[in-house]
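Model the following, please.
(2 chains)
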Amino acid sequence: MTSAPLLFVDGGWTYLVSIIVVSMTVSVTAICLSTLFGIPVALAIGFTDFPGKRVVTAVINTGMGFPSVVVGLLVLMVLSNSGPLGSLDLAFTPEAMIASQFVLATPVLMSVSLSAIEGVNEPVRDAAYAMGGTRVDVALVVIKEARYGIVTAILAGFGRAISEVGSILIVGGNIVFSDGTSYTRTLTTAITVEARQGRYEVGLVLGVVLVALVLAVNALGSWIRSKGRGRGTP
Amino acid sequence: MTLTATGVSRVFDDTPILKDVSLTVEPGEVLTIVGPSGTGKTTLLRTLACFEPPDAGTIHWHDTDCWGASKADRLAVRRRMSMVFQEPSLFNASVRRNVTYGVRVRRQWRERARHFVRDLTGGSSTPESVRRALETVGLEDAADRNARSLSGGEAQRVAFARAVAVDPAVMFLDEPTSNLDPRNTAVIEAAIDRACDRGVGVLVATHDLHQAERVSDRVGFLFDGELVELTDPATFFDDPDDPRTARFVHGELVYAEGDDDLARAARR
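Below you'll find the model as predicted:
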């Protein structure tokens, strides 16, 4: 691991851009996987009544507040050489960071989308059924009615992933290549390094970029929510 | 074709909600079921509309036993029916999308995909039945408005148009005008008349006796889950068989058996 060059001097921009690319690649991949897994599961839970449904929902909601360092530790134990998936050699790689972000973001995404799905009124489901809809048609109506909530859930999951520090520090190792570009260093873990080394101005620039990203995602979420409260799609 | 219910019963948590109800809905007639709140009118309509199976008895559409038939056959029967609820329960979409919904779900998936693509490219056209349904309720100019921006009366008219647009053989109307002003009520009642003229059998559940008198060909009195009277309007209002019907028609407060809390509260 080499020390990072200061921004605005030779290689500074390359360093910054590589960190942003790693951050975005890891978080976007994790949230895509979370969406592919979490939304169908939320739909299945929202549509069916089964014994223990309240417990499952409570577990998902609890998962939203799960300590990230514990998740990082567990993921590292699984992926380390002596762990069950050690042969895949994934410890201290971006893939390991994706795995830990997936574990952290999925409960957020599932919980918010589940409440959006369950928030679709029973009369609306009845209306779809009464008009000759099959179970699939009713499910499609519910997804459509809950679409703004589902998109908000995906954005909330992304917000959780991009601002994550503890677990990706543990499973990713905060590594940069010898040429000064990031391998597993993200905006958040880079800030911890810069702060520790007293390079506050670099840390601040990284912080501004991170806050801008989070703000952009939140602004998008607010816009979608306001659209949902107002007109629907024609 | 006739809808026939024979000995239909429903039980919730060991409490009987419908008790051995038998009736038919003939094409082109308006059958109104009146009764106090909580007497089982909505459960009756939901059961006849094949939402849930009866605990006892059968529901036949022509010669198809709705709950003895295959899923596909039951779906085919359901698609000859439509329903309007007390609350309009419209989708968060334009009036046109709402009214077209039943027409859309009746299409084959390939046809639906084709229409979906055409919608995205702006090349879709409103089906004739949808245009007619919107005209029937006087909302042809509101087709592009979002359904959530409508007044209560307009929304209920859209819900009615949505039910008519699928060209049903039987319509179930659950308290369709209970939240509406006289003008919107008149629009809905005129639309019921027009549907009957086209041969649609209409089953209305209401506690509005005046409406029952205005629109019905036959009137039934559902009391405590039991259909205690089913006759023509003249007999129902002037000379009913059952004393409870007579009391209800004369505006007396009749309670279901076991509704002691309600009776006590009313006496206070």
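
From the structure, what's the count of residues near residue 180?
Unless you meant another one, I'm taking chain A. 16 (other C-beta atoms under 10 Å in any protein chain shown). The C-beta positions use only the backbone N, C-alpha and C, and glycine is treated the same way.

let's do chain B instead
Neighbour number of B:Leu180 under other C-beta under 10 Å is 20.

got the contact list for the residue nearest to it when sequence neighbours are not counted?
Once flanking residues are discounted, B:Leu180 sits nearest to B:Gly153: 5.1 Å by C-beta to C-beta, 6 or more residues apart in numbering or on different chains. Contacts for B:Gly153 (C-beta atoms under 8 Å, 6 or more residues apart in numbering or on different chains) come out as B:180-181, B:183-184.

Quick check: the farthest pair among these?
B:Leu180 and B:Arg183 (8.2 Å; C-beta to C-beta).

Would you mind listing what in the stretch 51-200 of chain B touches chain A?
Residues of the stretch 51-200 of chain B that fall close to chain A, judged by C-beta under 8 Å from any C-beta of the partner chain: B:51, B:75, B:78-79, B:81-83, B:85, B:87, B:89-94, B:96-97, B:101-102, B:105-106, B:144, B:146-149, B:159, B:162-163, B:166, B:172.

which helix in chain B runs the most residues?
With secondary structure taken from DSSP state H, chain B has its longest helix at helix B:182-197.

what's that helix in contact with?
Contact with helix B:182-197 is made by B:28-30, B:136-138, B:153-154, B:156-157, B:160, B:164, B:171, B:173, B:176-177, B:180, B:202, B:204, B:211, B:214-215, B:217, as judged by C-beta under 8 Å, 6+ apart.

and if we set it to 7 Å?
The contact list for helix B:182-197 (C-beta atoms under 7 Å, 6 or more residues apart in numbering or on different chains) reads B:28-30, B:136-138, B:153, B:156-157, B:160, B:164, B:171, B:176-177, B:180, B:202, B:214-215.

got it, and stretch B:127-147?
Contacts for stretch B:127-147 (C-beta under 7 Å, 6+ apart): A:231-232, A:234, B:90-91, B:93-96, B:98-100, B:103, B:126, B:154-155, B:157-158, B:160-161, B:164-165, B:167, B:187, B:191, B:194.

Would you list the buried entries among those?
Buried by 16 or more other C-beta atoms under 10 Å in any protein chain shown: A:232, B:90-91, B:93-96, B:98-100, B:103, B:126, B:154-155, B:157-158, B:160-161, B:164-165, B:167, B:187, B:191, out of the contacts of stretch B:127-147.

Next step: those residues restricted to helices.
Those of the buried ones among the contacts of stretch B:127-147 lying in helices (DSSP H): B:95-96, B:98-100, B:103, B:154-155, B:157-158, B:160-161, B:164, B:187, B:191.

what's near enough to touch the residue of the stretch 101-250 of chain B found nearest chain A?
Proximity of the stretch 101-250 of chain B to chain A (C-beta to the nearest C-beta) peaks at B:Gly102, 3.9 Å away. B:Gly102 sits next to A:131-132, B:82, B:162, B:165-166 when contact means C-beta under 7 Å, 6+ apart.

If we use 10 Å, what do you get?
The contact partners of B:Gly102, by C-beta atoms under 10 Å, 6 or more residues apart in numbering or on different chains, come to A:127-128, A:130-133, B:79, B:82, B:129-130, B:133, B:162-168.

Endpoint to endpoint, stretch A:160-171 covers what distance?
End-to-end distance of stretch A:160-171 (C-alpha to C-alpha, to the nearest Å): 17 Å.

next one: stretch B:142-154
9 Å.

Over to stretch B:42-54?
For stretch B:42-54, the separation between the terminal residues is 13 Å (C-alpha to C-alpha).

Counting by contacts, list what the longest helix along chain A packs against.
With secondary structure taken from DSSP H, chain A has its longest helix at helix A:12-47. The contact analysis (3 or more C-beta pairs under 10 Å, 6 or more residues apart in numbering or on different chains; DSSP states H and E) places helix A:12-47 against helix A:53-63, helix A:94-118, helix A:135-145, helix A:147-162, helix A:166-172, helix A:187-196, helix A:200-229.

how far away is A:Ala48 from A:Asn121?
Just so we're on the same page, residue A:48 is Thr rather than Ala. 18 Å (C-beta to C-beta, to the nearest Å).

my bad, should have said B:Ala143
Per C-beta to C-beta, B:Ala143 is found 24 Å from A:Asn121.

And for B:Cys50?
Going from B:Cys50 to A:Asn121 by C-beta to C-beta gives 21 Å.

wait, A:Ala156 sits on A:Ser222?
No. Using C-beta atoms under 10 Å, A:Ala156 makes no contact with A:Ser222, being 11.8 Å away.

Those two: who's more crowded?
Neighbour count, other C-beta under 10 Å: between A:Ala156 and A:Ser222, A:Ala156 has more, with 21 against 12.

Spit out the contact partners of the more buried one.
Contacts of A:Ala156 by C-beta under 10 Å, 6+ apart are A:31, A:64, A:105, A:108-109, A:111-113, A:217-218, A:221.

Repeat the analysis, applying 6 Å as the threshold.
A:108, A:112 (C-beta atoms under 6 Å, 6 or more residues apart in numbering or on different chains).

ok, then the element right after the helix or strand where B:Arg74 lies?
Using DSSP states H and E, B:Arg74 sits in helix B:71-78. Heading C-terminal from helix B:71-78, the first helix or strand you meet, by DSSP H and E, is strand B:81-84.

Pull the distance from that following strand to the chain's centre.
5 Å (C-alpha atoms, centre = their mean, to the nearest Å).

what about the stretch 51-200 of chain B, any weak spots by pLDDT?
B:123 (pLDDT under 70).

count of residues packed around the closest residue to B:Ser9 other than its chain neighbours?
Leaving aside its chain neighbours, B:Ser9 sits nearest to B:Ala56 (4.1 Å; criterion: C-beta to C-beta, 6+ apart). B:Ala56: 15 surrounding residues under other C-beta under 10 Å.
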